[in-house]
Each structure stands twice: as C-alpha cells, then as structure tokens.
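Student: quick one, what's the 3D model for this:
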Amino acid sequence: IGGYQYGISGYDTNKGEFTFNIQNFHQPEGFVMMNGKAYYGTYTGAVIYRYDPAQPIDYKRDLSTEGNPCMVADIGEMQDRPFVMETAWENTILIGSIPDYGELGGAITVYHEDENGKPDFKTYRNLFPNHAIGGLAYKDGKIYVGTTISGGIGIDPVESQAKFAVIDAKTMAIEKETILNIPGIGTSTAIIGQMSFGPDGLLWACSDKQGTVFGIDTETLEVKKSISTTESDMPATRRGNYIRWGADGTMYTNAGYVLSAVDIYNNTYKNLAKNCTHVAVDPSGNVYYDDKTHIIKLEVSQWERLQSLIARAERDKPSDPGAQQALSAAKAVKQTDSSEAIKGAAQKLAGYLDTAVKTDVPPVSSGISVKIDGEEVGFDDTYGKPFLYEDSRVMLPFRKLFERFGWTVNWDDALQTITAYGPEGDDMKMTIGSNTYECNGVKTEFDVSPLLKEDRTYIPVRVIAESMGYVVGWEDASQTVTITTK
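Tutor: This is a model prediction of the structure:
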C-alpha cells in the first residue's frame, strides 16, 4: 500500500493485519514484485527502491543504496513518475515513466539484476517523441507498449492520439507502431493504460474514453473486443487504469475510475463502485479497492466463485489430468457442504486455472542451485531444473530430491498422488493441486501445492525437507538453497 506524498505499508489479507509501515518513504507511483522482493517506483526523479520483506526494515532515505528498502536505480533522463512497472524476462523489470515538470517525452527503462542481485539498467527516452508511457507488457521476446499524449505537469500535449507499438526486447527496435481503432470510441484514445494478457489470449488494455477495456490481437494489431463500462471519460491522462484477473477469468478494472467486473467472453460488465483509483485481487478471489482515503474489501461468495471456476474450466477444457480431477471434485461439491469444503474445492481448481491467466508473467529463474550438506546437487533436463514459483517458493523436481535423500517414490497417475518411503520406515504423501502434505500420518498445510510443469512434477523444497527434519536455508546472493541433514 502506498500513500500520497509519503509512506508505504504491507497488509496481510489472510490475517487481516498490517505487517510493516514506513511513514517517511518517498511517494510511490509504481510497484511490482520480483523474486520475492518488492520494487517501488517513486516520485520525484523516478527513483527505484527495492524492499526485501524477509529482512528487517532499515530505511536510510536520501537515495541510499544501503539499508532496506534501498535505492537500486536513479533513472534520470528528465523522468519523474515511474507509474508503469511490469516483470519481464528473467530477473528483469520494465519501467514506463512520465517526464519532469514542463517536459514532453517519457521513457522505457529496462532494469535487470544479476545472479547476485546487483542492479543494472538502461533507459530509452523518446522512443515515441512527445509521448510518455501508459502501459507495458512482455511476452515471447516482445515488449508491448501503450503510450500517453501527456507529459509532465505544466505543459500541454502536442499530440492527440495514443500509440500502440511492438518492440524487439533484444534490440529495443520498434517493429510495429499504430494508432488503434477501438470499436465504440474510434481513434480518440489519449492514453493506453495497463496491459495484460487475458485467458482468451488477447492483450487487454484500458482507454481513458468511457471506461473502455479492449483486447488486441498482437499479430495483426487489430482490436478484437471492446467493452465500455461508463459514459464518462477520464479527466487526466498521466496515469492509466488497472486490470486484474480472477482465476475464473473475470477481469476487474477501474477503467474510467469505476470499479467493474468484466466478462470478456460475453462482453458484459457490472459496475461495483465509483471513484476507484486502484484495485487488487487476493488468492481467494476477494477484491480490494480504494476510494482515495480508504481501502475497501469486497468479499466474494465462495460458492459463486466455485461455479464461475467450473464454468471457465468447462469452457477452456484443460488437458492437464490434475485440472480434470479438480474439476470433477468441484462439480461434486454441494451448496449445503461446509464453507471449508467449498473454499477448498475452489482453491484447488483455481490453482490450475490461474496459471492460464498469468501468461504475461514468464517463468522466473532457472539459475537456482541446491546444496545438501555442502554438496551441490546436479539437475538436468531429464529430471527438470529448479525454478522460483510466484516469486517466492523454490520448486524442485520431486523424484530427484527424494532419491537424493535415499527415499523411494511412487506416482499414482489416476489420483495424481506422490507417495515416498524413507529408508527408516518414514512415509510422505502429497497430491497435485492440494496444499495438504502428510508425513508419517501428520498433516501439514502449505501455501504452495505440488504442480505439473512440462510433464514433470515439482514440489516446494522447504515444506518437504523440513517435514523430513532437515534445516533449509536460502543464500540470496548466489540464489542457492541449502539443506542440512546432519
């Protein structure tokens, strides 16, 4: 959570409590998570800070590169407000900014960290003369850009129409550039705000006109779908509106500063609240928004959410056996069942469907190494390689891990269940899509379930190793998991 002029806070939606508060932090304009750390784009001067929630707060202010949070990039180039921040390829963030007072010409900054977390960045100003950056997205080596005609405060635009462009991520050369013709509002858009790939494969974005969201075919640059959620236009065009996705494929947006739930398949919408400047969705599908001075929670009915998830699964027809099993289990749940059973079935099915929504977030970090009692474990394409899931949990190929510990493993394809047997009579059981792990008859809940990726099964290393009685550590500088068994 960020405040006007000063301050950032963290809020745990599960516990319903604040986790930290830094009252004198610079005014945050943009925000993104990467590799378990929070990155803030601040005003003035377009300065980027990194905060590690796993470390104590030690904020030194005054552009310090030490402490927590600490400064990792001072963009410069007459940039002032880094509103747009999106994760891209490995250890990389794309930043879009608005220029300083009296200036036209925004910039795209490519921010990257090496394996030790050392930052580096390069800024590209005036790729689109007299335009600043309203939205960014990345997929398969391409950067997608939506511009705004606005500059800094104190200068009027000289252009009248926002642009959409495709950039080669390696060369930063503009491959395609156009003014979009959006059904219902034509070519009048002054800002193309946040962009995000939807479950239908289109790149969705926000316009400042009539609360319009629209889906772009990135090959043809044709707008395939367009939905206007209000009759009013945005009064300002420096900051774009936002798009968030529920696991059932529902879009939540504050386009036109009206919070709306949008059905992109049936071209329908429902207005939920007015004067909304930000929106977020938690893992249980609840929606959070602000009315400038308060944060408000819209708690969803888990029964209605389950029915929406079932409808999406039946429409998308996922081929993953685990998803099919989760769908069958979800359809067997009755409205009279316990709230825990309904929520559990919804969470399990959502775990499969949610990955289809996040197509604009690439796999993070394959450069993770694992050491057991000081000895590095080798991973290759036969077993699969470790990766970071949802920016916070290291996932390892299950068979390699268990066999390294001297355990034997059994895979039940019908039940999507792993059972492992230790050399001293221990046993462990876990199921794809389930957050419950059972070790020697004792059940443990964890926030990440085993998952299937490229026909291999991956498990969260921490819960497995700690269930075996081992000590797990993480060396951030070298991106190394350490497991001590002795």
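Student: only C-alpha atoms from now on, for both contacts and neighbour counts.
Tutor: Will do.
Student: which parts of the stretch 301-450 of the chain are strands?
Tutor: Along the stretch 301-450 of the chain, the segments classed as strands by DSSP state E, counting those that start in this stretch run 369-372, 375-377, 387-389, 393-397, 408-412, 417-421, 427-431, 436-439, 442-445.
Student: let's have those in JSON lines, adding mean neighbour count and distance to G285.
Tutor: Below are the strands of the stretch 301-450 of the chain laid out as JSON lines (neighbours: other CA atoms under 10 Å; distance: least, CA to CA, whole Å):
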{"stretch": "strand 369-372", "mean neighbour count": "18", "distance to G285": "34"}
{"stretch": "strand 375-377", "mean neighbour count": "12", "distance to G285": "38"}
{"stretch": "strand 387-389", "mean neighbour count": "19", "distance to G285": "19"}
{"stretch": "strand 393-397", "mean neighbour count": "22", "distance to G285": "21"}
{"stretch": "strand 408-412", "mean neighbour count": "14", "distance to G285": "31"}
{"stretch": "strand 417-421", "mean neighbour count": "18", "distance to G285": "27"}
{"stretch": "strand 427-431", "mean neighbour count": "20", "distance to G285": "23"}
{"stretch": "strand 436-439", "mean neighbour count": "18", "distance to G285": "20"}
{"stretch": "strand 442-445", "mean neighbour count": "12", "distance to G285": "19"}
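Student: for T220, which of those strands is the nearest?
Tutor: Set against T220 and scored by CA to CA, these come closest in strand 387-389, at 32.1 Å.
Student: now do that closest one: distance to the chain's middle.
Tutor: With CA atoms, centre = their mean, to the nearest Å as the basis, strand 387-389 stands 13 Å off its chain's centre.
Student: likewise for stretch 21-28?
Tutor: Relative to its parent chain, stretch 21-28 has a centroid offset of 22 Å by CA atoms, centre = their mean.
Student: and the residue nearest to M468 when sequence neighbours are not counted, how far is that from E403?
Tutor: Leaving aside its chain neighbours, M468 sits nearest to C439 (8.0 Å; criterion: CA to CA, 6 or more residues apart in numbering). Using CA to CA, to the nearest Å, C439 is found at 17 Å from E403.
Student: now do M195
Tutor: M195 sits 43 Å away from E403, going by CA to CA.
Student: for A169, same thing?
Tutor: Distance from A169 to E403, by CA to CA: 40 Å.
Student: ok, those two, which is more surrounded?
Tutor: A169 (18 against 13; other CA atoms under 10 Å).
Student: I figured that one hits Y144, correct?
Tutor: No: using CA atoms under 8 Å, A169 is not in contact with Y144; the gap is 9.5 Å.
Student: so what sits against both of the two?
Tutor: Counting by CA atoms under 8 Å, 6 or more residues apart in numbering, A169 and Y144 have no common neighbour.
Student: turn the strands of the stretch 301-450 of the chain into JSON lines, columns for mean pLDDT and distance to M71.
Tutor: Formatted as JSON lines, those follow (pLDDT from 0 to 100; distance: least, CA to CA, whole Å):
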{"stretch": "strand 369-372", "mean pLDDT": "86", "distance to M71": "27"}
{"stretch": "strand 375-377", "mean pLDDT": "82", "distance to M71": "33"}
{"stretch": "strand 387-389", "mean pLDDT": "77", "distance to M71": "24"}
{"stretch": "strand 393-397", "mean pLDDT": "83", "distance to M71": "25"}
{"stretch": "strand 408-412", "mean pLDDT": "81", "distance to M71": "46"}
{"stretch": "strand 417-421", "mean pLDDT": "87", "distance to M71": "44"}
{"stretch": "strand 427-431", "mean pLDDT": "88", "distance to M71": "42"}
{"stretch": "strand 436-439", "mean pLDDT": "84", "distance to M71": "39"}
{"stretch": "strand 442-445", "mean pLDDT": "77", "distance to M71": "36"}
